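J.: Here is my input, please return the structure:
(chains A and B)
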Protein chains: 2
Amino acid sequence: MRDVAVIGVGMNKWGELWDKSLRDLIAESALLALDDAGIDKVEAMYIGCMSSGLFTDQEHLASIGPDYAAMCPTPGIRVESACASGGLAFRSAFIHVASGLADIVMAVGVEKMTDVDGAGATFGLATAADQEYEVYNGITFPGLYSMMAIHHMHKYGTTRDQLAQVAVKNHKNGAKNPLAQFRMEVTIDQVKNAVMVADPLTILDCSPITDGSAAVILCSMDKAKEITKRRLVKVIGSGHASDTIQLAQRDDLSFLKSTKLAAQQALAMAGRKIKDVDFLEVHDCFTIAEIMVLEALGCIAPGKGGPSTADGLTALDGKLPVNASGGLKSKGHPVGATGVAQIVEITKQIRCDAEKDRKVKKADIGLAQNMGGSGASSVVHILEGI
Amino acid sequence: MRDVAVIGVGMNKWGELWDKSLRDLIAESALLALDDAGIDKVEAMYIGCMSSGLFTDQEHLASIGPDYAAMCPTPGIRVESACASGGLAFRSAFIHVASGLADIVMAVGVEKMTDVDGAGATFGLATAADQEYEVYNGITFPGLYSMMAIHHMHKYGTTRDQLAQVAVKNHKNGAKNPLAQFRMEVTIDQVKNAVMVADPLTILDCSPITDGSAAVILCSMDKAKEITKRRLVKVIGSGHASDTIQLAQRDDLSFLKSTKLAAQQALAMAGRKIKDVDFLEVHDCFTIAEIMVLEALGCIAPGKGGPSTADGLTALDGKLPVNASGGLKSKGHPVGATGVAQIVEITKQIRCDAEKDRKVKKADIGLAQNMGGSGASSVVHILEGI
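T.: Numbering: from 1, shown residues only, chains lettered A, B, ... in the order given. Down below sits the predicted model:
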């Protein structure tokens, strides 16, 4: 396999984008990424999207993407793994370039979620859970994650305030990110007293419904050195694993095995240990998720995610900054776009392109973790500035 | 890139499978392919599926697939490009093995289409066309292909009987295929006098709504030689291209540019010419499609597809057998499964495993062409027995 680098990134302002369609969103970030890389074409376009069929009645994004980004006959490949679709699109593009089949490949992540009514978005998202055994019985994602939270609290003594602190931290970061959907800070009391969604999770423990996209351009290392004079962001590790789709079939409700395995693969490929990672973007679809992900990655011992968050370990100025972008919680969560946006953020931090007031102190090695459903699929990438 | 071979194939009996769910279908073909290869696990599972969300309310097949085939934590990757999803899953698995990241990878194609009512299936399929500019104005796929047929008839003098001959030939082949959905022969008169769907296409010019799956196992050539003593089926060429999703934006309604470009790529990779191909499986979603595909591939000059079919060129005992399996027309068209089933058929023919009465005379090099929508995406593969 050849060495691969990220040479361009693009992302639009996320939110409720009533004036933009799905195809507009794809084209917008794709063109921003091309501009950023200083090139005008790619050899293939991977598109991470969870459910354009249910959200917008449009499948065949493998054609819509290249067509509306004015790239025909460039081939498109739509990749889906629920909320991990973006991370998987990036991994697929990485494999494509690493194989030697192409030198320059784009990964775009996109989701247009607000053109359906509230029940429609929740229904669409629930198709990432087991339709026959979970959803049929009435549960949707806030309920699944609330069970994981309750188990974590029961097993380790994680507190309600510690959960809330994840939201407080990520909103503090997101408030400084001009592309984030919800740029307001929140307090622990506000999180705890917000409208209840699924006990103990209030609406401020949940990531929002968002329209948005993000794009990155991957390039073989040799070609990348010809194209750009900026700091190269090398993909040093990539990992991917699955778990049972049903929570009920897992050994431990509050441990994300797929994330652990994906991280082990990525670290082995990189020849690094988790302590070598300077900062992370992780999948905080709910506050409890960030805590469980950090434990599964091995950054924090199982059960210590809550106290460590409360102690400031993962704050922007902490020893291990997590979700400097604002995370899914504040930046927004257009599901298929999230995994690609994580790579956009890590690339910006490594290149020192992030806004001044939200730069992490040390940004040589960043890790991105993106997962689908209640952790039934996980993708982990490690990027290093060289 | 490393050499890659197909070492196992599996496919269930296609039809209206009321007693099997989407997940059953995936597992059934996956396990058949493992048995055929004589192995018990793979390193990754690609799943081609067009619209499990709209057809069955279940996304996240990247988790459902490995989970219900008892393969966790093997990673799953769902790939979508409308009716080309299966071919693209195969191509993605090919790239994965060729990259060196894994030695043994599975590609499964699946679609469960009969659990929705008639309008639902037609609506679901129509999401492969341009929702905002085509479907919004009331057209669905039979209408799009009827316009292509009318243009072809007007431009080249292709006749109604020549279109019907495609169905006659493919049903003749499919009648001998125990896995086909519609195993009856039809006559030209029956095709012409069947219920009209979109003039000039009757229901016997259209491929059916089908439940089904198919799976193939790809392996690095070195490893394949260790695993199997059977004839190895090497993937010598792979190509993939896009075209505008809207028919209205194309230069020529009756020429499939994406198929031409994908074939050129695959032939270049193989170092072969189209005349070196012994037999083909192509995307006859409608009778006119097979004619246009053969012209785009360069097997037959533009405009000569109709007369050549009528003359028997593409019959099972003709000089260039096309769709010995029965094609989409008779075998059925569970959209995400079709592209993988084409590889199953080509592998069986090359290995001399096809039923005796439908073996092609010479089966050293086979070509598979799979396309999405009205040809907005095309995938072409060339396989050679070695």
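
J.: CA atoms for contacts and neighbours, from now on please.
T.: Fine.

J.: tell me, what residue is most central in chain A?
T.: Averaging the C-alpha coordinates of chain A gives a centre point, and the residue nearest to it by C-alpha atoms, centre = their mean is A:Gly339 (3.2 Å).

J.: Name all residues that make contact with that one.
T.: Applying C-alpha atoms under 8 Å, 6 or more residues apart in numbering or on different chains to A:Gly339 gives the contacts A:Cys83, A:Ala84, A:Ser85, A:Gly86, A:Gly87, A:Leu88, A:Phe90, A:Gly109, A:Ala368, A:Gln369, A:Asn370.

J.: Turn those residues into TSV, columns for distance to A:Glu345.
T.: Converted to TSV, these look like this (distance: C-alpha to C-alpha, whole Å):
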residue	distance to A:Glu345
A:Cys83	17
A:Ala84	16
A:Ser85	17
A:Gly86	13
A:Gly87	13
A:Leu88	16
A:Phe90	14
A:Gly109	14
A:Ala368	9
A:Gln369	12
A:Asn370	13
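
J.: Which positions within the host helix or strand of the residue nearest to the centre of chain A qualify as buried?
T.: Using DSSP states H and E, A:Gly339 maps to helix A:335-350. Within helix A:335-350, the residues scored as buried using 16 or more other C-alpha atoms under 10 Å in any protein chain shown are A:335-350.

J.: Which helix or strand lies directly C-terminal to the lowest-mean-pLDDT helix or strand in chain A?
T.: When each helix and strand of chain A is scored by mean pLDDT, DSSP states H and E, helix A:118-126 comes last, with a mean of 83. Using DSSP H and E, the helix or strand that follows helix A:118-126 in sequence is helix A:141-156.

J.: Phi and psi next, for the closest residue to chain B within the stretch 1-150 of chain A.
T.: Nearest residue of the stretch 1-150 of chain A to chain B (C-alpha to the nearest C-alpha) works out as A:Ser99 at 3.7 Å. Backbone dihedrals for A:Ser99, given as degrees, to the nearest 10, come out at phi -70, psi -20.

J.: Need the nearest residue in space to it, chain neighbours excluded.
T.: With C-alpha to C-alpha, 6 or more residues apart in numbering or on different chains as the criterion, A:Ser99 has its nearest non-adjacent residue at 3.7 Å, and that residue is B:Ser99.

J.: Just give me the neighbour total for the one you found.
T.: Here the count is done by other C-alpha atoms under 10 Å in any protein chain shown, and B:Ser99 has 24 residues near it.

J.: give the contact list for it.
T.: B:Ser99 sits next to A:Met1, A:Ile95, A:His96, A:Ala98, A:Ser99, A:Gly100, B:Met1, B:Arg2 when contact means C-alpha under 8 Å, 6+ apart.

J.: quick one: what helix or strand has the nearest residue to the first one once chain neighbours are set aside in it?
T.: The shortest distance from A:Met1 to any non-neighbouring residue, by C-alpha to C-alpha, 6+ apart, is to A:Ala98 (4.9 Å). Mapping A:Ala98 onto the secondary structure by DSSP H and E places it in helix A:85-99.

J.: Return the angle between stretch directions for that helix and helix B:85-99.
T.: 50 degrees (axes from the mean of the first three to the mean of the last three C-alpha atoms, to 10 degrees).

J.: re earlier: show me how far the least confident helix or strand of chain A is from its chain's centre.
T.: Offset of helix A:118-126 from its chain centre (C-alpha atoms, centre = their mean, to the nearest Å): 19 Å.

J.: Kindly report the same for stretch A:340-347.
T.: Worked out by C-alpha atoms, centre = their mean, stretch A:340-347 lies 8 Å from the chain centre.

J.: got the contact list for that stretch?
T.: Outside stretch A:340-347, the residues touching it (C-alpha under 8 Å, 6+ apart) are A:6, A:9-11, A:86-87, A:89-90, A:107-109, A:213-216, A:233, A:280-282, A:325, A:354, A:366-368, A:383.

J.: which ones among these are found in strands?
T.: Among those, the members falling in strands (DSSP state E) are A:6, A:9-11, A:107-109, A:213-216, A:233, A:280-281, A:366-368, A:383.

J.: Among these, which ones lie close to chain B?
T.: Residues of those in contact with chain B (C-alpha under 8 Å from any C-alpha of the partner chain): none.

J.: Please parse chain A into its domains.
T.: Listed by automatic domain parsing, the domain ranges of chain A are A:4-117+A:210-233, A:139-207+A:236-385.

J.: now, of the ones you listed, which is deepest in the fold?
T.: Counting by mean count of other C-alpha atoms under 10 Å in any protein chain shown, domain A:4-117+A:210-233 has the highest mean neighbour count of the domains of chain A, with a mean of 24.

J.: thinking again about what came up before, could the contacts of A:Gly339 be laid out in a markdown table, adding pLDDT?
T.: Putting those into a markdown table (pLDDT from 0 to 100) gives the following:
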| residue | pLDDT |
| --- | --- |
| A:Cys83 | 98 |
| A:Ala84 | 98 |
| A:Ser85 | 98 |
| A:Gly86 | 98 |
| A:Gly87 | 98 |
| A:Leu88 | 98 |
| A:Phe90 | 98 |
| A:Gly109 | 98 |
| A:Ala368 | 98 |
| A:Gln369 | 98 |
| A:Asn370 | 98 |
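
J.: got a list of what A:Asn193 touches?
T.: A:Thr202.

J.: Got the confidence number for the closest residue to A:Lys331 other than its chain neighbours?
T.: Distances taken as C-alpha to C-alpha, 6+ apart place A:Ala180 nearest to A:Lys331, at 3.8 Å, with adjacent residues excluded. The per-residue pLDDT reported for A:Ala180 equals 98.

J.: tell me the SS of A:Ala180?
T.: The local conformation at A:Ala180, judged by DSSP: H, G, I helix; E, B strand; the rest coil, is coil.

J.: Now do it against A:Gly87, distance only.
T.: Separation of A:Ala180 from A:Gly87 (C-alpha to C-alpha, to the nearest Å): 19 Å.

J.: Ok, A:Glu16 next?
T.: 22 Å.

J.: I'd like the contacts of B:Ser99 as CSV, with distance to A:Asp161 and pLDDT appended.
T.: Output for these, formatted as CSV (distance: C-alpha to C-alpha, whole Å; pLDDT from 0 to 100):
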residue, distance to A:Asp161, pLDDT
A:Met1, 46, 94
A:Ile95, 41, 98
A:His96, 44, 98
A:Ala98, 44, 98
A:Ser99, 47, 98
A:Gly100, 49, 97
B:Met1, 52, 94
B:Arg2, 53, 97
